[in-house]
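**Student:** Sequence first, predicted model second:
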Amino acid sequence: MNKITERMRERAQELLAKGEVEWVIGWEKGSLWYHSSPAFVRRPEEVERLIWDDFCANNLAKYLLDFTQLEGKVALFVKGCDSKGINRLLQDQQIEREKVYIIGITCPGVRDARKARGKGPEALETIDLEERCTFCTRPEPVIFDEIINTGEKLPGRGEKEPRDRFTEVERLLALSPDERYEFWAKQYERCLRCYACRNVCPACNCRECIFDRSQSGWCSKRIVKTENEFYGLTRALHVAGRCIECGECERVCPVGIPIMSLHRKIIKDLNELFGPYEAGLDTETPPPLGTYRTEDPDYFV
Amino acid sequence: MLKVKRDKLPQVLSVWSEEAVVYTPQEEDGVSTFRPWTGQAEVTFKPGSTVLPPKELFFPRTEEMYRYRVEGQAAFLEELSLPQQKCVLVGVRSCDARSLLLLDDVFLTKGYVDEFYRRRRENTLVVALACREALDTCFCTSLGVDPARAEGVDIQAWEKDDGYLLQATSERGKALLDKVGTLLTEVSEEPPAGARPSLEVDPEGVTEKLQRMFEHPFWDDLWHKCVGCAACTFLCPTCHCFDIQSENRGNEGFKFRCWDSCMFAEYTRMAGGHNPRPTRKERVRNRILHKLRYFPERYGKLGCVGCGRCLERCPVHMDITKIIQAIKEVALDG
Ligand code: SF4
Ligand code: SF4
Ligand code: SF4
Ligand code: SF4
Ligand code: SF4
């Protein structure tokens, strides 16, 4: 058992046994060695289910929305990226800080489970990191009540500098408008409208999504390219300035649509228009589109 | 047994293409699905099933059903012509072949025939390809599917290192092979052994167990991790739910149907806002009950073919084999 797992179980056990929290949200093992899956533990004797390994990619922050009616507290484990999801929900006034106990994990990085297909555990070190980890500048959680730090480094990335996260955006920007439209049309042609991207996203926290009101007349339930594009653009603009770049949307898309390139284009634009901003770092700095400053560019008015 | 050499396969497909659209598994942007073969010289079949199942060739994700128009007090309906296109589907795995038989039960039996589905099914010949190798998530054999021999297809093929063994399993399949007779040779080779999936579960008795578990606390713990998307149901080769809606422009419009999922909140929301499946708990329970209880009750067979797509692409790897196992381990009084 690795040190992070050991510490997770210990702390979950204590918190539940002392009645300090009603639930602990962490990760457990699935049927395959490269499948790790969210776990919900409410009895001290169940903490043995909890694990930490290279495949604990799921951002657990969004699940806090399921516990807003609970009287007691919920504890959850967060990696660097996940912790920004908690700030997202706090800043959007979806959860109460006092009702959450946050155990941060200084994240050694997670790997791409889809790339492990067909391989055995001995191949672990050869499996690519999740894309978001190659950009990650903050493996240390930005908000926590306590922290688990075993000093491990991101596997694969080692001491290397994070990659530039706008490289792909720039590649797409260099295309002609027609080529760029072709590119996105081809991607959204295969979108299934399964809404996995929306449902895992901590910035998608509307009580009811417009796309769950297909008879509103605003959007159509037809799963066709144009309507899918409308869905993708609407969601991208709705999380503009609030997307914490956890990359979960792109990771879970069953048909591999490069959703993050769309979101990063908007982030790049926002940075250029309103100055550098990274969503979810704290709960005080207002998102660029959620505030007004007299010096904001106004050329379009 | 008949055999086609690997390098002759494109010629076979080319002959079949004269009268039909030939579909083969093809990968684009990392996602494999059945696409029209357009003369590619290289035809390869990766192990296992495609990411997207072949169901949408029979039951498209969205299709128009009829059009209408209103002029003053009069309303006019315009029927759409039924699908005419002849197709040959090449490289269907045994799991997906079984799924087509399950879809047949839904769309063609019990007194209601879906004409769109029926036409597409009748217009399509299925060439199955045996699996020599399973994916990590395959568990078809647990559901009684034989990876080496598909049910209800027209031709069964087995991959060998230098080509494909072929056997007609229906009259129409035989006619299809006759058309390419000159490209085939008669050989005395044996079909290779089928894949042996390592993932296994024994579903024996699960239906009866579930008949007594609708209100069981089991469901209270199961749903938490599910995020309520439709990845599992849309990728499932046997899921077949759809919604019917219309779209109007001025005085005219059309009715269409599109895939729907019991994992969506909107799925059971009624006029007035009441929802009999208000949370993910009831929705997860429904998906499991539909596959493992309601489908067998109505059609006498389990509604899962063990393709493993749901557990592979589910954002949280909700695993139906684990769920079946857990159901079997639930202790019931009496
Ligand atoms: S997860 Fe992918 S397929 Fe599903 S709705 Fe989002 S973009 Fe479309
Ligand atoms: S849009 Fe994607 S990357 Fe941004 S917060 Fe949502 S899930 Fe994370
Ligand atoms: S589930 Fe069975 S039939 Fe289907 S691809 Fe896997 S091994 Fe082949
Ligand atoms: S089981 Fe998985 S794929 Fe299915 S609705 Fe739940 S999260 Fe989505
Ligand atoms: S329930 Fe899952 S394993 Fe079974 S047929 Fe559907 S996608 Fe395949």
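**Tutor:** Done, it's in. Ligands and ions are numbered 1, 2, ... in the order given.
**Student:** which residues of the chain score low on pLDDT?
**Tutor:** Chain wasn't specified; assuming chain A. A:153-160, A:299-301 (pLDDT under 70).
**Student:** I was thinking of chain B, sorry if that wasn't clear
**Tutor:** Ranges of chain B meeting pLDDT under 70: B:334.
**Student:** Which residue comes closest to residue 285 once chain neighbours are left out?
**Tutor:** In the absence of a named chain, this looks at chain A. In space, and not counting its chain neighbours, residue A:285 is closest to residue A:277: 7.3 Å by C-beta to C-beta, 6 or more residues apart in numbering or on different chains. No exception for glycine: its C-beta is placed from N, CA and C like everyone else's.
**Student:** hmm, I had chain B in mind actually
**Tutor:** Nearest to residue B:285 is residue B:219, by C-beta to C-beta, 6+ apart, at 4.8 Å.
**Student:** name the element that neighbour belongs to?
**Tutor:** Using DSSP states H and E, residue B:219 sits within helix B:218-222.
**Student:** and after that helix, which helix or strand comes next?
**Tutor:** helix B:231-235.
**Student:** pretty sure the residue nearest to residue B:285 is touching residue B:283, no?
**Tutor:** No. Look at residue B:219 against residue B:283 with C-beta atoms under 8 Å: they stay out of range, at 10.4 Å.
**Student:** Tell me which of those two has more neighbours.
**Tutor:** residue B:283 (22 against 16; other C-beta atoms under 10 Å in any protein chain shown).
**Student:** OK, contacts around the more buried one?
**Tutor:** B:223, B:226, B:228, B:262, B:263, B:264, B:265, B:267, B:277 (C-beta atoms under 8 Å, 6 or more residues apart in numbering or on different chains).
**Student:** will you turn those into CSV that also has distance to ligand 5 and neighbour count?
**Tutor:** CSV is the format used below for the contacts of residue B:283 (distance: C-beta to the nearest ligand atom, whole Å; neighbours: other C-beta atoms under 10 Å in any protein chain shown):
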residue, distance to ligand 5, neighbour count
B:223, 16, 19
B:226, 14, 20
B:228, 16, 17
B:262, 12, 19
B:263, 12, 26
B:264, 17, 25
B:265, 21, 16
B:267, 17, 18
B:277, 18, 18
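**Student:** As a check, name the ranges of all strands in chain B.
**Tutor:** B:2-5, B:21-28, B:31-36, B:62-71, B:74-79, B:87-92, B:124-129, B:155-160, B:163-168, B:185-186, B:242-249, B:252-259 (DSSP state E).
**Student:** Just checking the last one against ligand 1, any contact.
**Tutor:** By that I understand strand B:252-259. No. Strand B:252-259 stays clear of ligand 1 (C-beta under 6 Å from any ligand atom), getting no nearer than 11.7 Å.
**Student:** If we go by neighbour counts, what in that strand is buried?
**Tutor:** By neighbour count with 16 or more other C-beta atoms under 10 Å in any protein chain shown, strand B:252-259 contains the buried residues B:254, B:256, B:257, B:258, B:259.
**Student:** send the alpha carbons of it over as PDB?
**Tutor:** The C-alpha coordinates for strand B:252-259 follow below in PDB (Å, rounded to 0.1, in the frame of the first residue of the first chain):
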ATOM      1  CA  GLU B 252     -44.800  23.800 -41.200                       C
ATOM      2  CA  GLY B 253     -42.700  21.400 -39.300                       C
ATOM      3  CA  PHE B 254     -41.600  17.800 -38.800                       C
ATOM      4  CA  LYS B 255     -41.700  15.100 -36.200                       C
ATOM      5  CA  PHE B 256     -38.400  13.400 -35.400                       C
ATOM      6  CA  ARG B 257     -37.200  10.900 -33.000                       C
ATOM      7  CA  CYS B 258     -33.800  10.900 -31.300                       C
ATOM      8  CA  TRP B 259     -32.000   8.800 -28.800                       C
END
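**Student:** neighbours of residue 213, just the number please.
**Tutor:** The chain I'm using is chain A. Neighbours around residue A:213, by other C-beta under 10 Å: 13.
**Student:** let's do chain B instead
**Tutor:** Neighbour number of residue B:213 under other C-beta under 10 Å is 19.
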